[in-house]
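1. Sequence and predicted structure below; questions after.
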Amino acid sequence: MLEKNRLRIALQKSGRLSSESYNLLIKCGIKINFQHNQLIAFAENMPIDILCVRDDDIPGLIVDKVVDLGIVGENVLEEKLFIKDNVKKKKFYNLLIRLDFGICRLSLAIPKNSAYYGLDSLKNKRIASSYPNLVTQFFYKKSIPFKLCILNGSVEVAPRAGLADVICDLVSTGTTLEANDLKEVQTVFNSQACVICRLGHIENSKQIIINKLMNRINGVIKARESKYIMLHAPISKLNEIISLLHGAENPTILKLAGEKNRVAMHMVSSETVFWETMEKLKSLGASSILVLPIEKMLE
């Protein structure tokens, strides 16, 4: 039984965002014991209830204030909360943060052997998609007439089955298109997972938990984007070395035992450190260069 004083979060039960959404909450220190086919899970260490639902149900649960937060793809939000002609678009939710997973794009694709000379070559073509509203909005803005074929699954087989000339589907790596002899020709919408919050009054006790959770989510994302770097550096090249590493804050400089011209430097780098960067550090006289992952981070 759900209690009103507990924060309610909706997650995708199964699909491309499911495991990463669950893992995000675990990394935020929320202890949840999920069971197979379980629709509701209760956090053991915080007043949080998790509802495991279909991803396209999450926007409705937010709008109807059944849940307080939801983790969902922007593509689902735009499709489910679509307003015709996009005129004076009504606000249905608060976007709290965009996450670093579920990154994809809704794209138009055609058979590899088909000629393509721009969007005008798709005029009056039959387009198969699970996102009729986003497709309609896109072509309406371009003033290009088309015929819509709504499919809820296996959209990529539509051209071979003779159901459509073109498809509009989610693309991440492009391997599914390649396997079905299709080529991507135009991006319709860019998407990633995000955390949304219902509108209206939220009890102070819940808001405190939301603020704490957002701080932790930001910390998880920052940690994934950052690396902890330790190295020994010649004092004469210190400024050049620091300029190669974009840090979250100024580096820590420590004396080295028995060394007058060299110091130890510790810092959190906010950018990916590639082998090329390490080689440049080495060429400047740095040594004992260590690049370590960060598990948790709060600024």
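-> Nice, thanks for sending it over. Owing to the predicted nature of the structure, the values given are computational and were not obtained by experimental measurement. Numbering: from 1, shown residues only.
2. who touches the closest residue in space to Lys125 that isn't next to it in sequence in this structure?
-> Nearest residue to Lys125, sequence neighbours excluded (Cβ to Cβ, 6 or more residues apart in numbering): Asp165, at 4.3 Å. Every residue, glycine included, has its C-beta placed from N, CA and C. Counting by Cβ atoms under 8 Å, 6 or more residues apart in numbering, Asp165 makes contact with Ile110, Ser114, Leu122, Lys125, Arg126, Ile127, Pro159.
3. Show me what the mean pLDDT comes to for the one helix or strand the first one maps to.
-> Read it as Ile110. Using DSSP states H and E, Ile110 falls within strand 104-111. Taken as a whole, strand 104-111 has a mean pLDDT of 95.
4. going forward can the numbers begin at 369, since that is how I track them
-> That works, and once the first residue is 369, the last one we named lands at strand 472-479.
5. For it, buried residues please.
-> Cys472, Arg473, Leu474, Ser475, Leu476, Ala477, Ile478 (16 or more other Cβ atoms under 10 Å).
6. Next: stretch 397-411.
-> In stretch 397-411, counting by 16+ other Cβ under 10 Å, buried: Ile398, Ile400, Ala409, Ala411.
7. Distance check, the third one against Phe557.
-> Ala409 sits at a distance of 31 Å from Phe557 (criterion: Cβ to Cβ, to the nearest Å).
8. Serialize the buried residues of strand 472-479 to JSON lines and add fields for distance to Ile512.
-> Listed next are the buried residues of strand 472-479 as JSON lines, based on distance: Cβ to Cβ, whole Å:
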{"residue": "Cys472", "distance to Ile512": "23"}
{"residue": "Arg473", "distance to Ile512": "19"}
{"residue": "Leu474", "distance to Ile512": "16"}
{"residue": "Ser475", "distance to Ile512": "16"}
{"residue": "Leu476", "distance to Ile512": "11"}
{"residue": "Ala477", "distance to Ile512": "16"}
{"residue": "Ile478", "distance to Ile512": "14"}
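9. What is the burial count for Arg384?
-> 16 (other Cβ atoms under 10 Å).
10. Over to it. Which of the three states is it?
-> For Arg384, the assignment made with DSSP: H, G, I helix; E, B strand; the rest coil gives coil.
11. Now the particular helix or strand that has Asn462 in it: buried residues?
-> Using DSSP H and E, Asn462 sits in strand 461-466. Of the residues in strand 461-466, Tyr461, Leu464, Ile465 count as buried by neighbour count, 16+ other Cβ under 10 Å.
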